[in-house]
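> Next comes the sequence, and after it the predicted model I'd like to discuss.
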There are 2 protein chains.
Amino acid sequence: MWREVVTHGHKWRRWVTEARSRGRADGGGYAKGVTFPVVGMVGGGQLARMTHEAGIPLGIRFKLLSDTPQDSAAQVVGDVVIGDHRDLDTLREFARDCDVITFDHEHVPIDHLRALEAEGIPVRPGPDALLHAQDKGRMRARLAGLGVPCPRHRIVTDPADVSAFAEEAGGYPVVLKTVRGGYDGKGVWVVRTEAEAADPFRAGVPVLAEEKVEFTRELAANVVRSPHGQAVAYPVVESQQVDGVCDTVIAPAPGLDEELAGQAQRLALTIAAELGVVGHLAVELFETPDGRILVNELAMRPHNSGHWTQDGAVTSQFANHLRAVLDLPLGDPRPRAPWTVMSNVLGGDYPDMYAAYLHCMARDPQLKIHMYGKDVKPGRKVGHVNTCGDDLAEVRERARHAADYLRGTITE
Amino acid sequence: MWREVVTHGHKWRRWVTEARSRGRADGGGYAKGVTFPVVGMVGGGQLARMTHEAGIPLGIRFKLLSDTPQDSAAQVVGDVVIGDHRDLDTLREFARDCDVITFDHEHVPIDHLRALEAEGIPVRPGPDALLHAQDKGRMRARLAGLGVPCPRHRIVTDPADVSAFAEEAGGYPVVLKTVRGGYDGKGVWVVRTEAEAADPFRAGVPVLAEEKVEFTRELAANVVRSPHGQAVAYPVVESQQVDGVCDTVIAPAPGLDEELAGQAQRLALTIAAELGVVGHLAVELFETPDGRILVNELAMRPHNSGHWTQDGAVTSQFANHLRAVLDLPLGDPRPRAPWTVMSNVLGGDYPDMYAAYLHCMARDPQLKIHMYGKDVKPGRKVGHVNTCGDDLAEVRERARHAADYLRGTITE
């Protein structure tokens, strides 16, 4: 819990946790007298896995709520609770001995988070912020209210209404998104005719229509904000998508106008502050041919566009996310190399990625491999690689080669 | 197990592990079809903790044999067996589903390791190498046989024999060491008279006498070697001890003659190859006023003098130790910054180190803190900090300040 305490002669507001020997099925526990806080993370995916990794050196105690014991993070965390994040009693029991709750994904019902908050559990980011990451309709309305540049958009009710929107917004094609539940291209349709616009309405979830922005590339402005308002901005990156899934991220975005980069960072800092985000915020952006940026999506957690920071920045997004949710001073977000490139490793036809380590590691002794312990399924994100260096073309080639070789699409 | 396999069109010798859902008291397991090897680490200290951290991104499955559930590594590892590393049946049962066994410490009886090897379990480093890290008498004899420069030494039988040795070696003071069981200054005596020489003999363990070398400073040459003979050498570092305990490591060793640095690295590579070391080998050295180096101690595991590599080298000693014991190609050992300084955080009178995070992180956003989750006891190593930068004086000051502040010996 938070307390005003005096240590080292100064008065501070900080976490005070009781020393405890915490129960675990296998008898796990902590040394007595160690008063480090417990961060409870909901969701056992790779973001939780990498956040645990970042928390080990800080001595942060990490507790995981995971759907199954086979989930990516559940394989490597000591303190794991298996349960359903949609069940309030499960969440309540999980949170009982946590000092703060944070998230690997955005799928916990907002009402549950409000209930936990009402019971005194710090939830970071909080429900008022997460609302905007869960519901694309609310997100658009709020950003528009803040004067943040966005694609033209409105909630549509049926295919005829989509045509009406197309009329207003310069014609088809139009992008349709279910306001909840989408990620990595799922829940998103690009429709060229009214007939094609029927699908998105079948789910019974409100549908948001957006103009299909003509963009030269996608960017991401990533920031981390703490409860007391400190914030850091990472360099703006270029994010390359393939079939709606992030494929490669280049940090910093090559050739990006300095003024526009600053504008993107300020935009992300403003959104974080206005929406009360605590932790990592990814703002996905379109860069237009006429030199503007428009906000595409928000994510209030560590994000694929920030994976490069593990090896390319002084402080990774995962370490800074933890520092933010604990209201610790944030770490330096600056790059450690002129260029860092992240390429995702997708599951391919070749299931045994470990075999590829021999070639990849021998070819590039500076390569950084990050695997998630996931079953290989075609198209599934099962890992990523980071490369750093002075020469962008060479750094890109190394990342591309390693990702393709691990996937099995090249054999030499 | 090792098999010749053909993947990606090439024939390789590599690990083949069966896909399995591994049992854990809390139902832990791994995704099916993932065929990454299981590294079993004996010993639950901070070296195991940091090796687990380094293994997460590689997707390596990590299994721990720990004395208690409260041990440093046991707090953060998912797959933990609590048991006694001196008991062969415990070791045998632990090793049953591991692809390779490695170590956090040097205290497993050599005969047990030979038994495991005889049963087909790869033990890395193997007993023939570890022998020399466990027994300082054998180590000295072997190094002398290789022509490696060492302090004058011999096994002594009683205080009168110590005086005889002193006579041969230039007089008192003489350094006495029990041949087994010492670390961090324990098991080591500096004696100035025959009367003082009685203590070391009380334990009933053979005692090694060494001349007390006049040295200008201590250095460490750290290398990593794999079973197929690949080896990498980290830059030679300066290691500063306080009361026999490592306090600060500076990488690279300031002002070290290039020729002498190369000699130290070649020496370490030779020792690793001749003794058949697999994994990380730390060679602790004395630098003498007349520009020679003499070998002080060997450690065949990740070592305190290599902690700087976590933040200061392209590949950390922990990642390279794992790669070596799995016979994967080794990672680049080169530094990422002109200077990196590591300072140990010792337990002091002030038990709550988390409170000090506020000051330390706010003062130095580039500071890297590594805490071990250990109970604070005076003089105990409970963590370390790393700082990197261009200006050595500034980098040293930042590490010194953070370590002292965390310990509580300074308050501003």
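Nice, thanks for sending it over.
> Residue A:211: what's it in contact with?
Contacts here follow C-beta atoms under 8 Å, 6 or more residues apart in numbering or on different chains; on that basis residue A:211 touches A:151-153, A:169-170, A:174-175. (Glycine included, C-beta is placed from N, CA and C.)
> Next, format these as JSON lines and append neighbour count.
Shown next, in JSON lines, are the contacts of residue A:211 (neighbours: other C-beta atoms under 10 Å in any protein chain shown):
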{"residue": "A:151", "neighbour count": "18"}
{"residue": "A:152", "neighbour count": "16"}
{"residue": "A:153", "neighbour count": "22"}
{"residue": "A:169", "neighbour count": "18"}
{"residue": "A:170", "neighbour count": "11"}
{"residue": "A:174", "neighbour count": "26"}
{"residue": "A:175", "neighbour count": "19"}
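> average pLDDT across stretch A:405-412?
Looking at stretch A:405-412 alone, the average pLDDT works out to 88.
> How about stretch A:194-206?
Mean per-residue pLDDT for stretch A:194-206: 90.
> For that stretch, measure first residue to last.
17 Å (C-alpha to C-alpha, to the nearest Å).
> picking up where we left off before, ok, the contacts of residue A:211 vs chain B, which is closest?
Closest to chain B out of these is residue A:175 (33.7 Å), distances taken as C-beta to the nearest C-beta.
> Now do the contacts for that closest one.
Taking C-beta under 8 Å, 6+ apart as the contact definition, residue A:175 lies against A:151, A:188-191, A:209-212.
> Do you know the pLDDT at it?
The predicted structure scores residue A:175 at 95 on the pLDDT scale.
> quick one on the thing from earlier: by pLDDT, give me the weakest of the contacts of residue A:175.
pLDDT across the contacts of residue A:175 is at its lowest for residue A:188, which sits at 90.
> What strand or helix carries the closest residue to that residue other than its chain neighbours?
Excluding the flanking residues, the one nearest residue A:188 by C-beta to C-beta, 6 or more residues apart in numbering or on different chains is residue A:177, at 5.1 Å. Under the criterion DSSP states H and E, the helix or strand holding residue A:177 is strand A:174-178.
> can you check residue A:189 too?
strand A:188-191.
> contact partners of that strand?
A:162, A:172-177, A:182, A:196-197, A:199-200, A:212, A:244.
> quick one: which of the contacts of residue A:175 is nearest to residue B:92?
Here the nearest of the contacts of residue A:175 to residue B:92, counting by C-beta to C-beta, is residue A:188; it sits at 54.4 Å.
> ok so, going back, just to check, the residue nearest to residue A:188 is in contact with residue A:187?
Yes: Residue A:177 sits in contact with residue A:187 when judged by C-beta atoms under 8 Å, with a separation of 6.0 Å.
> ok, what's across the strand from the residue nearest to residue A:188?
Residue A:177 has the following beta-bridge partners by DSSP bridges: residue A:188, residue A:208.
> which residues touch the closest residue in space to residue A:164 that isn't next to it in sequence?
Nearest residue to residue A:164, sequence neighbours excluded (C-beta to C-beta, 6+ apart): residue A:156, at 7.9 Å. Contacts for residue A:156 were tallied using C-beta under 8 Å, 6+ apart; they are A:162, A:164-165, A:176, A:207-209.
> Could you do residue A:325 as well?
With contacts defined as C-beta under 8 Å, 6+ apart, residue A:325 is in contact with A:39, A:100, A:102, A:122, A:124, A:278-279.
> Now list the buried members of the contacts of strand A:188-191.
When those are checked for burial by 16 or more other C-beta atoms under 10 Å in any protein chain shown, the buried set is A:162, A:172, A:174-177, A:182, A:196-197, A:200, A:212.
> before we move on, the earlier item: read off the pLDDT value for the residue nearest to residue A:164.
Looking at residue A:156, its pLDDT is 96.
> Next one: it from chain B, what distance?
Residue A:156 sits 39 Å away from chain B when distances are taken as C-beta to the nearest C-beta, to the nearest Å.
> Excluding residues flanking it in the chain, which one is nearest the most centrally placed residue in chain A?
Averaging the C-alpha coordinates of chain A gives a centre point, and the residue nearest to it by C-alpha atoms, centre = their mean is residue A:303 (2.4 Å). The shortest distance from residue A:303 to any non-neighbouring residue, by C-beta to C-beta, 6+ apart, is to residue A:282 (3.5 Å).
> SS state for the one you found?
Under the three-state scheme (DSSP: H, G, I helix; E, B strand; the rest coil), residue A:282 adopts strand.
> wait, what's in contact with it?
Residues in contact with residue A:282 (C-beta under 8 Å, 6+ apart) are A:220-222, A:297-299, A:301, A:303, A:305-306.
> Nearest to chain B among the residues you listed?
Nearest to chain B out of the contacts of residue A:282 is residue A:306 (C-beta to the nearest C-beta; 15.0 Å).
> elements contacting the host helix or strand of residue A:249?
With secondary structure defined by DSSP H and E, residue A:249 is part of strand A:245-251. In terms of contacts (3 or more C-beta pairs under 8 Å, 6 or more residues apart in numbering or on different chains; DSSP states H and E), strand A:245-251 is packed against strand A:237-242, strand A:339-346, helix A:392-407.
> for residue A:59, phi and psi?
Geometry field for residue A:59 lists phi and psi as phi 70, psi 10, criterion degrees, to the nearest 10.
> and the spatially closest residue to it that is not a sequence neighbour, what does it touch?
Using C-beta to C-beta, 6+ apart and skipping the chain neighbours, the partner closest in space to residue A:59 is residue B:371 (3.2 Å). Going by C-beta under 8 Å, 6+ apart, residue B:371 touches A:36, A:57-59, B:345, B:353, B:382-383.
> Mind doing that once more with 10 Å?
For residue B:371, the contact set (C-beta atoms under 10 Å, 6 or more residues apart in numbering or on different chains) comprises A:34, A:36, A:56-60, B:46, B:49, B:72, B:345, B:353-354, B:357, B:382-385, B:406.
> State the distance from residue A:392 to residue A:262.
For residue A:392, the distance to residue A:262 equals 21 Å [C-beta to C-beta, to the nearest Å].
> go on, residue A:410?
According to C-beta to C-beta, residue A:410 and residue A:262 sit 39 Å apart.
> Stretch A:223-232 close to chain B?
Yes: looking at stretch A:223-232 against chain B by C-beta under 10 Å from any C-beta of the partner chain, the contacts come from A:230, A:232.
> Would you mark the buried spots in that stretch?
Buried residues in stretch A:223-232, counting neighbours by 16+ other C-beta under 10 Å, are found at A:223-227, A:231-232.
> Can you get me the start-to-end distance on it?
Stretch A:223-232 has its terminal residues 6 Å apart, counting by C-alpha to C-alpha.
> Great, nothing more from me.
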